[in-house]
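Peer 1: Sequence first, predicted model second:
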Amino acid sequence: MTPIMLELLLRSLWETVLMTVASGVISLVAGLPLGLALVVTARGGIAENLWISRGLGAVINGFRSVPFIILLVALIPLTRLIVGTALGTWAAIVPLAIAATPYYARIAEVSLREVDRGLIDAVRAMGGNRWTIIREVLVPEALPGIVAGFTVTLVTLIGASAMAGAIGAGGLGDLAIRYGYQRFETSVMIAVVAVLIVLVCGIQWIGDRLVARLDRR
């Protein structure tokens, strides 16, 4: 691989990491509260409200049912409004974050639902309010699952960011399409695949180690 292609590969790697981390953080900040809302407002939850639970669930399912490539195109007007352009790395962060947020919300919901009901009832019996239950029981007890789910979300975002490269988002996907596919440079395609494998394995390894440290069972 030539020095120029190596430079392009490193720049594309940085763009992919930037898209993944930025959209991942947004999905964590927005998705975890949505997951909590789904759990606490569900039937038998600490703030039961079936109207909110069903309405929120319908909206989340609606976004999750749209294939990412279609969502990517459909959100171009919103992306232009927020970023000022529909092309480039920063523009790709908008649809990536919007796609990942409901996905992570459902993963967080599953982890939060697995918290022992007896712990919640014990805190209630001691006079704990809803915020105390969320802060002291739900989130801490579900933390290993929340982190594991976030790791899966980051890995999914890497694949989605590569897909976003098809419409000029930059990153490793764009490099693979422009040079590996359109210019038939097999070495570039192999290099991109190898970097993606290392990136995914690295993120999964870090996530697994962190979950192992958090899991008190």
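Peer 2: Done, it's in.

Peer 1: Leaving out sequence neighbours, find the closest residue to residue 115.
Peer 2: residue 141 (4.5 Å; CB to CB, 6 or more residues apart in numbering). In this view, the C-beta of every residue, glycine as well, is placed from N, C-alpha and C.

Peer 1: can you give me the helices for this protein?
Peer 2: For the chain, applying DSSP state H gives helices covering 3-40, 50-64, 68-74, 76-83, 89-113, 117-125, 130-133, 139-164, 171-175, 186-214.

Peer 1: Let me have those in TSV, adding mean neighbour count and mean pLDDT as columns.
Peer 2: Supplementary listing: the helices of the chain in TSV, determined by neighbours: other CB atoms under 10 Å; pLDDT from 0 to 100:
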stretch	mean neighbour count	mean pLDDT
helix 3-40	19	89
helix 50-64	14	90
helix 68-74	15	85
helix 76-83	14	87
helix 89-113	23	91
helix 117-125	13	81
helix 130-133	14	84
helix 139-164	21	90
helix 171-175	26	81
helix 186-214	15	90
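
Peer 1: Touching, residue 156 and residue 104? I think so.
Peer 2: No - shown here, residue 156 and residue 104 do not form a contact pair, counting by CB atoms under 8 Å, at 9.1 Å.

Peer 1: who touches residue 113 in this structure?
Peer 2: Residue 113 sits next to residue 39 when contact means CB atoms under 8 Å, 6 or more residues apart in numbering.

Peer 1: who's in contact with residue 140?
Peer 2: Per CB under 8 Å, 6+ apart, neighbours of residue 140: none.

Peer 1: What's the separation between it and residue 164?
Peer 2: 35 Å (CB to CB, to the nearest Å).

Peer 1: Same check on residue 145?
Peer 2: Counting by CB to CB, the gap from residue 145 to residue 164 is 28 Å.

Peer 1: Tell me the predicted confidence for residue 180.
Peer 2: pLDDT recorded at residue 180 is 68.

Peer 1: Distance check, residue 37 against residue 128.
Peer 2: Taken as CB to CB, the span from residue 37 to residue 128 is 19 Å.

Peer 1: again, but for residue 17
Peer 2: 41 Å.

Peer 1: For stretch 64-76, which outside residues touch it?
Peer 2: 63, 86, 92, 94-95, 98-99, 102-103, 106, 160, 163-164, 166-167.

Peer 1: roughly how far is it from the heart of the chain?
Peer 2: 15 Å (CA atoms, centre = their mean, to the nearest Å).

Peer 1: Need the CA coordinates for that stretch. CSV is fine.
Peer 2: What follows is stretch 64-76 as a C-alpha-only set of coordinates in CSV (Å, rounded to 0.1, in the frame of the first residue of the first chain):
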residue,chain,number,x,y,z
ARG,A,64,-36.5,0.8,14.5
SER,A,65,-38.6,-0.6,11.7
VAL,A,66,-37.1,1.7,9.0
PRO,A,67,-34.0,0.3,7.4
PHE,A,68,-31.0,2.5,8.0
ILE,A,69,-30.2,3.3,4.4
ILE,A,70,-33.8,4.6,4.0
LEU,A,71,-33.6,6.6,7.2
LEU,A,72,-30.4,8.1,6.1
VAL,A,73,-32.0,9.5,2.9
ALA,A,74,-35.3,10.5,4.7
LEU,A,75,-33.4,12.5,7.3
ILE,A,76,-31.4,14.6,4.7
